[in-house]
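Undergrad: coords below, sequence missing:
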């Protein structure tokens, strides 16, 4: 199933409305953990998924196994139907706060996979389950399910669920007076950076995920770094003499 960005946005809005009612007037971060467990009936657990941290989460639509190369030996991890496995680094005491945004987006991404799976035809669902059940163990590439297109769709839908347009509109009004933020290369001036940080804290997302989402919703204007100007930056002309 191939969906457009507009279709994925519509699906995200329908999921949020069904999960928590109209978002209008309820301006709070999406409880992605409850959406996963109560709404989608997914079982979320944590384990070490990769030695280098390159794999953050996996899921499957039928009981199977996940094969992990651990520097010289192969570790096999059971993966049950409707289970989401997230990397255990997300819950390590020293990393829990730092990786909160990444964990929430990873979980939203895996939720999106299951939502998209439910929209498939019965024939596609059955074929996918047979494929999972027929394999003894899956590699990292196998578990990406239909390769990169499905990953793109899950990213777009995951962002639409975690950062709904109505909520972004409200936060941009509240914290940036609805103006577009300006990105000079990879830099923002102090005022725009503070707006980004405040929105990140409210939504519980990473700055990277938020910037991507704001670009999608046309709240960021990109300019070359040579035009960078910070109104709070103090420059003393005599210091160059």
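TA: In hand now; what should we look at? Everything numeric in this text was worked out from a predicted model, so none of it was measured.
Undergrad: Next, the contact list for the closest residue to residue 114 other than its chain neighbours, please.
TA: Among residues not flanking residue 114 along the chain, residue 40 sits closest, at 5.6 Å (Cβ to Cβ, 6 or more residues apart in numbering). Every C-beta, even on glycine, is put in place using the N, C-alpha and C of the backbone. With contact set as Cβ atoms under 8 Å, 6 or more residues apart in numbering, residue 40 has these partners: 111, 114-115.
Undergrad: give me the number of residues near residue 37?
TA: Residue 37 has 14 neighbours, counted by other Cβ atoms under 10 Å.
Undergrad: I'd like the distance between it and residue 112.
TA: Distance of residue 37 to residue 112, computed by Cβ to Cβ, to the nearest Å: 15 Å.
Undergrad: What segments of the chain are strands?
TA: Secondary structure of the chain (DSSP state E): strands located at 43-47, 57-59, 64-69, 74-79, 83-87, 181-184, 220-223.
Undergrad: Tell me the pLDDT of residue 76.
TA: The model reports residue 76 with a pLDDT of 84.
Undergrad: Hmm, it is touching residue 70, no?
TA: No. Using Cβ atoms under 8 Å, residue 76 makes no contact with residue 70, being 10.4 Å away.
Undergrad: any weak-confidence spans in this protein?
TA: By pLDDT under 70, the weakly predicted segments of the chain are 22-26, 131-147, 231-241.
Undergrad: Which helix in it has the most residues?
TA: Counting by DSSP state H, the longest helix found in the chain is helix 100-118.
Undergrad: Spit out the contact partners of the residue nearest the centre of the chain.
TA: Geometric centre of the chain, nearest residue: residue 105, 2.8 Å, by Cα atoms, centre = their mean. Contacts of residue 105 were listed using Cβ under 8 Å, 6+ apart, and they are 158-159, 162, 205-206, 209.
Undergrad: Domain parsing of this protein, as residue ranges.
TA: Domains of the chain are assigned by automatic domain parsing as 5-159, 165-227.
Undergrad: roughly how far is the first one from the heart of the chain?
TA: So that's domain 5-159. 10 Å (Cα atoms, centre = their mean, to the nearest Å).
Undergrad: Ok, the shortest one next?
TA: Distance, stretch centre to chain centre, for domain 165-227: 16 Å (Cα atoms, centre = their mean).
Undergrad: if we can go back for a sec, go through the contacts of residue 40 and name the one nearest residue 82.
TA: When the contacts of residue 40 are ranked by distance to residue 82 (Cβ to Cβ), residue 114 comes first, at 7.3 Å.
Undergrad: Number of residues surrounding the closest one?
TA: Neighbour tally, residue 114, other Cβ under 10 Å: 18.
Undergrad: Relative to residue 203, how far out is it?
TA: From residue 114 to residue 203 the distance is 22 Å (Cβ to Cβ).
Undergrad: ok, now residue 42?
TA: Distance from residue 42 to residue 203, counting by Cβ to Cβ: 21 Å.
Undergrad: and if you look at residue 174?
TA: 12 Å.
Undergrad: which of those two has more neighbours?
TA: Relative neighbour count places residue 203 above the other of residue 174 and residue 203, with 22 against 14, counting by other Cβ under 10 Å.
Undergrad: Having no further points to raise, I will conclude here.
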